[in-house]
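*Asks:* What would the 3D arrangement of this be:
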Amino acid sequence: MRKGDNMKKVFLSLLVLMCVCSLFAEGTKEKQEFPGKKQINIIVPYSAGGASDTTARIYASELEKAIGTTVTVSNITGASGATGLTQVKNSKPDGYTLAYMPVESTMLRALGLTKLSSDDFSFIGRAMTIPAAVTVRADSPWKTFDDFIKYAKEHPSKVRVGNSGTGSIWHVAAASIEDKCGVKFTHVPFEGAAPAVAALLGGNIEAVTVSPSEVKNNVDAGDFRILVILGEKHSSVAPQVKTAKEMGIDITIQGWGGFAVPKGTPQDVISILEAASKTAINSDAMKKLLASRGYEHAYLSGAEMDKQAAKELAYYGELIPKLL
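*Replies:* Reported below is the predicted structural model:
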């Protein structure tokens with residue numbers, strides 16, 4: 001073989017090697033640079049101004065500081081949250097489109113509103129919880145939750161319990177009490193928690209299963225009494241009231257809000273988002289906002305929330321069809 005041919009082979013080999021190294025370097029650079037300067041968008045599946053939207057906007061502001069790029073919020077409403085969540089599910093799983101995930105994401109499929117569920121996402125963190133509470137009038141004969149359950153057992157369907165709509169988390173809360181305690185209520189749906197609370201104040205129903213913050217003013221005024229908290233811990237709004245679990249009853253029903261990406265997002269991207277989310281959710285600004293609204297700051301990591309959501313998805317999948 002001639003010397004010139006050898007030189008050509010060496011040159012071509014070096015050229016190929018340089019190209020491979022360049023491609024590897026670019027790939028590594030792209031991985032390391034997430035999110036770079038590219039904008040991240042959070043889709044909230046409810047209208048602007050509500051609890052979900054407000055929580056998401058504070059989170060977005062804090063996430064910007066933690067991750068180093070612009071974070072925006074878009075409200076895409078419809079189908080009880082399914083429309084916005086479906087858009088996130090169908091987006092490119094690259095970490096640039098996040099979903100505000102409500103507890104309803106574990107309920108929508110059982111309600112027959114969509115085939116979508118929390119299983120279609122990977123969580124990057126939970127921010128807060130809103131526990132259900134059983135509240136009665138202060139002049140009712142029930143001083144304790146035990147009194148209330150005893151009466152309900154002795155008088156099936158006599159206790160009218162108001163909720164914020166059929167299939168809502170507060171409706172499910174009352175149904176869970178029925179399921180665990182062996183009682184039967186008459187469920188009275190309203191267009192939201194406020195009219196349910198007004199009906200209790202007017203003596204048109206005997207109880208409501210809504211959040212402590214939604215009855216706080218009436219409790220403070222001496223009109224209502226909270227009998228039990230159905231959350232995983234004491235409510236900051238009514239810290240003196242025991243949880244159902246403290247009373248030996250295995251019920252935890254609460255609203256919650258977290259953030260997630262579409263299933264299939266690369267794990268290294270999820271890890272970056274999860275670390276930034278931990279910083280954002282545990283920020284003073286987030287804690288202050290949640291406290292002002294009567295919500296519980298309740299950070300969980302993405303992996304922890306994946307497990308919790310799967311558990312609730314299975315539970316609601318069995319319970320909700322019995323309600324409809």
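*Asks:* ok, residue 235 - contacts?
*Replies:* By C-beta atoms under 8 Å, 6 or more residues apart in numbering, residue 235 lies in contact with 131, 133, 212, 229, 241, 296. (Each C-beta comes from the backbone N, C-alpha and C, glycine too.)
*Asks:* what about it, which SS state?
*Replies:* coil (DSSP: H, G, I helix; E, B strand; the rest coil).
*Asks:* Which of the contacts of residue 235 sits closest to residue 203?
*Replies:* residue 133 (19.2 Å; C-beta to C-beta).
*Asks:* hang on, residue 238 is in a helix, isn't it?
*Replies:* No - counting by three-state DSSP, residue 238 is not found in a helix; it is coil.
*Asks:* any idea what sits nearest it, other than its immediate chain neighbours?
*Replies:* residue 212 (4.7 Å; C-beta to C-beta, 6 or more residues apart in numbering).
*Asks:* and the gap between that neighbour and residue 39?
*Replies:* 37 Å (C-beta to C-beta, to the nearest Å).
*Asks:* likewise residue 292?
*Replies:* Residue 292 is 28 Å from residue 39, by C-beta to C-beta.
*Asks:* got the contact list for residue 173?
*Replies:* Taking C-beta under 8 Å, 6+ apart, we find residue 173 in contact with 132, 163, 209, 230, 253.
*Asks:* tell me the SS of the residue nearest the centre of the chain?
*Replies:* What sits nearest the mean C-alpha location of the chain, by C-alpha atoms, centre = their mean, is residue 257, with 2.8 Å. Using three-state DSSP, the structure places residue 257 in strand.
*Asks:* Quickly list what it is bridged to.
*Replies:* Beta bridges link residue 257 to residue 102, residue 128 when assigned by DSSP bridges.
*Asks:* okay, and for the protein, where does confidence drop off?
*Replies:* Low-confidence segments of the chain (pLDDT under 70): 1-32.
*Asks:* and residue 292, how many neighbours?
*Replies:* Residue 292 has 9 neighbours, counted by other C-beta atoms under 10 Å.
*Asks:* tell me which element it is part of?
*Replies:* Assigned by DSSP states H and E, residue 292 belongs to helix 284-293.
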